[in-house]
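> coords below, sequence missing:
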């Protein structure tokens, strides 16, 4: 890992975040606008760490009710049963289909939690100026971004079930409050992953200390 | 002018510090909102969380943690959170979380029971649970103190606490075929049911709690009689065969009926929880409350077969009391054995049948024992009141004791000072009938059959003689008359013969083919016929030529 590699920041240049044009900023404090596409230039995304932190914390808060509140209410012949995600996992496991239980557990419980932990880890290491395993951390970041778009699958299935299973006197399904929180967790982590600037991982240990605030 | 030129280059330079933008970024609103919402939901949850209670059941049929609800008036008021064994595995303890809005219902004497489909003879209940699963039923209590530990009922309570109506206590000798849920009838209309029963502490009676639904509970007055209407009530007594039943349901599962007796004045409704005796049957129940009883003893010198304790005592055929004891009386000196029957008279029953104007005076008499005895004494001495055994029913041969008037009976000797005076008796009509038949037979027996026989013989002999005389007379007629009769007959035959000849000769002269009379007659007839033809020709001619009568016959013929 060579830290002497030439970077735009070290050269006093700014890469446009939108079109990628390498341009000389008007001043380091106020880089101005991109001469090609007109986007606002910034050496690193402005307030990236702060924004990401805020979103990660919001997602972590939402994660609690997402798992405690029921995501689905099933009404069968007059009696309504509400199920949480973990309740569904336990039901699947006790009814013998443990592979399904495992899938639900990983997709709906472990993955959101993992994303939150991964983002928090990235943020902490960036703030501490860690220089170790930058490549692995970058790979982790890409994984988080990649998984993000698939995490809405649970919400998708939930809404589809609610829309389709409406055989009113016999059986009907209502969404629970938990699914809203679950969707919030997914959306917030996706935005958090987008707002995180992976270049910050590589900034540590270079001469040019960017404004990470 | 500065005395000491300063090397500007050595002076520290002021730094330009950009205004520190320490204001918090707007992005932090997102976690704040998320936290607010999450905390809001959590607080709401905690605020709505009611008490956790435990209910002990002997079996928790169909009760599942997380799936079984507690319902009151079909509204969910809680949910079972755990089901576990309890008390050396003999019971089931159900833990349930009650909703906040129903927390006030959890008082000490609230009741819980498992609602399952139930099919009993009196009906089917809980069918809804077949589809939706069993649930725990709840029934409000009266207590003010909150309770958290309850013992569940095995069967649903028959009536709910808020059901309008009243409970009454019945005391019976035995349960009969009654049970919880047995119907209660008023004029054969089901107005309530048995809700509980318990054996008395001394084990000598049962106390049955019944619930009468509003508005029928107002018909339960202080004088109302309850009786066991279970099954078919067949009584075969001196009154004949009596068969009563309330309904087919009560036939199967028993029932209680109540009614206010007609003789009772309108009474105020009974207070809730009032105790009533439960009579065995309607007849017993509807009897006049015999508060005044006068005992008398009767001595009969005839068979008491068919007379049982409880047999009616009648006055002029109206029920006036009953037989309380049937025994014998032995006179140790004379060794005379006679039947002794103790009866109890209820004078009120007779007074109840008096006209309203007279009943007040009657009441005055029956209230005092002396007055009653005095009336009886006068009746016995002046009007000839006597007791008599009578057949109540020819079918069953049951006897009853009848008080009736026999004016021809003499003045008896009765000690009216005794506690139980002896009313004189007369022999019953049943032995009377026997005596009459015997007397008739005796009379028949006394008839002079021998003399009658001798007379009859004489009559027959004279009849025989008469017949012989008749025979003789006939013989005389035979011998005396017959020869003359024969000659007469011969003469008669001769006369007939000559008559016959005469007729034959007449035939030959007058009617024969060649008899001269016949020929002459024929000729004469032919002549007459010719004359007739001529007359006809003449008449025809005259018709055509009437003028010929005047002018004569013309030659011209038409």
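Yes, it's here. This structure is a prediction, so every number in the text was calculated from the model and none was measured.

> from here on, contacts and neighbour counts on C-alpha atoms
Will do.

> element containing the closest residue to chain A within the stretch 301-450 of chain B?
The minimum distance from the stretch 301-450 of chain B to chain A, using Cα to the nearest Cα, falls at residue B:310 (62.1 Å). Assigned by DSSP states H and E, residue B:310 falls within no helix or strand.

> Give the burial count for it, as a bare number.
By other Cα atoms under 10 Å in any protein chain shown, 16 other residues sit near residue B:310.

> do the same with residue B:45
Applying other Cα under 10 Å, we find 12 residues neighbouring residue B:45.

> Quick check: phi and psi at it.
Backbone torsions of residue B:45, given as degrees, to the nearest 10, read phi -60, psi -50.

> Next, the contact list for residue 144, please.
By default, I'm working from chain A. Residue A:144 makes contacts with A:115, A:118-119, A:193, as judged by Cα atoms under 8 Å, 6 or more residues apart in numbering or on different chains.

> sorry, should have said chain B
Residue B:144 makes contacts with B:107-108, as judged by Cα under 8 Å, 6+ apart.

> Need the phi and psi values for residue 72.
You didn't pick a chain, so chain A it is. Main-chain torsions, residue A:72, degrees, to the nearest 10: phi -150, psi 130.

> now residue B:303
Residue torsions, per degrees, to the nearest 10, at residue B:303 are phi -70, psi 140.

> List the contacts of it.
Here residue B:303 is in contact with residue B:339 (Cα under 8 Å, 6+ apart).

> now chain A, which segments are flagged as low pLDDT?
Residues of chain A that meet the criterion pLDDT under 70 lie in A:1-5, A:77-79, A:205-213.

> Closest residue of it to chain B?
residue A:58 (3.7 Å).

> thinking again about what came up before, surely the residue of the stretch 301-450 of chain B closest to chain A is in contact with residue B:322?
Yes. Proximity of residue B:310 to residue B:322 meets the contact threshold set by Cα atoms under 8 Å, at 5.3 Å.

> Do a quick rundown of the helices in the chain.
You didn't pick a chain, so chain A it is. Ranges of helices in chain A, per DSSP state H, are A:48-68, A:85-94, A:98-104, A:111-127, A:134-148, A:153-164, A:177-195, A:199-203.

> could you do chain B instead?
Assigned by DSSP H, chain B shows helices spanning B:29-48, B:129-132, B:248-253, B:282-286, B:347-352, B:356-367, B:369-382, B:429-446, B:449-506, B:516-544, B:548-551.

> So for the fourth one, what gets flagged as buried?
Applying a neighbour-count criterion of 16 or more other Cα atoms under 10 Å in any protein chain shown, the buried positions in helix B:282-286 are B:282, B:285-286.

> I'd like the mean pLDDT over stretch B:108-119, please.
When pLDDT is averaged over stretch B:108-119, the result is 83.

> cool, and stretch B:34-54?
On average, stretch B:34-54 scores 87.

> Give me the residues contacting that stretch.
By Cα under 8 Å, 6+ apart, the list of residues contacting stretch B:34-54 reads A:58-59, A:61-62, A:65, B:93-103, B:148-150.

> tell me the contacts of the nearest residue to residue A:102 once chain neighbours are set aside?
Nearest non-adjacent residue to residue A:102, counting by Cα to Cα, 6 or more residues apart in numbering or on different chains: residue A:89, 7.5 Å away. Residue A:89 makes contacts with A:101-102, A:104-105, as judged by Cα under 8 Å, 6+ apart.

> Over to residue B:379?
Applying Cα under 8 Å, 6+ apart to residue B:379 gives the contacts residue B:385.

> Find me the pLDDT at it, would you?
With respect to pLDDT, residue B:379 has a value of 82.

> domain parsing for chain A?
A:1-43, A:46-203 (automatic domain parsing).

> on that earlier part again, selecting buried members of the contacts of residue A:144 in PyMOL, what would you type?
Selecting only the buried members of the contacts of residue A:144 in PyMOL, with burial defined as 16+ other Cα under 10 Å, works like this:
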select buried, chain A and resi 115+118+119+193
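
> Just give me the closest of the contacts of residue A:144 to residue A:175.
residue A:115 (24.5 Å; Cα to Cα).

> can you tell me how far the closest one sits from residue A:71?
20 Å (Cα to Cα, to the nearest Å).

> and what of residue A:145?
According to Cα to Cα, residue A:145 stands 25 Å off from residue A:71.

> count of residues packed around residue B:115?
Per other Cα under 10 Å, the neighbour tally for residue B:115 reads 25.

> you'd agree residue B:410 is up against residue B:386?
No. With contact defined as Cα under 8 Å, residue B:410 does not reach residue B:386; the gap is 10.5 Å.

> which of the two has more neighbours?
residue B:386 (22 against 12).

> Look up the pLDDT of the more buried one for me, please.
86.

> repeat for residue B:247
So residue B:247 comes in at 67 (pLDDT).

> circling back: pLDDT added to the buried residues of helix B:282-286, as TSV?
Converted to TSV, those look like this (pLDDT from 0 to 100):
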residue	pLDDT
B:282	77
B:285	77
B:286	75
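
> Out of those, flag the one nearest to chain A.
Nearest to chain A among those, with distances taken as Cα to the nearest Cα, is residue B:282, at 48.3 Å.

> Now the closest one. Nearest residue, chain neighbours left out?
Nearest non-adjacent residue to residue B:282 (Cα to Cα, 6+ apart): residue B:227, at 5.8 Å.

> show me the contacts for the one you found.
Residue B:227 neighbours (Cα under 8 Å, 6+ apart): B:256-258, B:278-282, B:285.

> Kindly recompute the last result at 10 Å.
Taking Cα atoms under 10 Å, 6 or more residues apart in numbering or on different chains, we find residue B:227 in contact with B:170, B:172, B:184-185, B:255-259, B:276-286.

> circling back to that earlier point, so what sits against both of residue B:410 and residue B:386?
Common neighbours of residue B:410 and residue B:386 (criterion: Cα under 10 Å, 6+ apart): residue B:380.

> pretty sure residue A:174 contacts residue A:167?
No. Applying Cα atoms under 10 Å as the test, residue A:174 and residue A:167 come out as separate, 11.7 Å apart.

> Among these two, which residue is more densely surrounded?
The residue with more neighbours, out of residue A:174 and residue A:167, is residue A:174; 20 against 11, by other Cα under 10 Å.

> Can you give me the distance of the more buried one to residue A:80?
Counting by Cα to Cα, the gap from residue A:174 to residue A:80 is 9 Å.

> what touches both of those two?
What both residue A:174 and residue A:80 touch, as defined by Cα under 10 Å, 6+ apart, is the set A:73-74.

> which non-adjacent residue is nearest the residue of the stretch 151-300 of chain B found nearest chain A?
The nearest approach of the stretch 151-300 of chain B to chain A comes at residue B:156, 21.2 Å away (Cα to the nearest Cα). Distances taken as Cα to Cα, 6+ apart place residue B:113 nearest to residue B:156, at 5.9 Å, with adjacent residues excluded.

> check contacts around that neighbour.
Residue B:113 sits next to B:55-57, B:60, B:70, B:135-139, B:151-157 when contact means Cα under 10 Å, 6+ apart.

> Swap in 7 Å and give it another go.
Residue B:113 makes contact with B:136-138, B:152-156, according to Cα atoms under 7 Å, 6 or more residues apart in numbering or on different chains.

> same check, this time on residue B:437
Here residue B:437 is in contact with no residue (Cα under 7 Å, 6+ apart).

> For it, give me the pLDDT.
Reading off the model, residue B:437 has pLDDT 82.

> again with the one 5 residues further on
If you check residue B:442, the pLDDT there is 89.

> What count of nearby residues applies to residue 105?
If you meant another chain, say so; for now it's chain A. 18.

> ah, no, chain B please
21.
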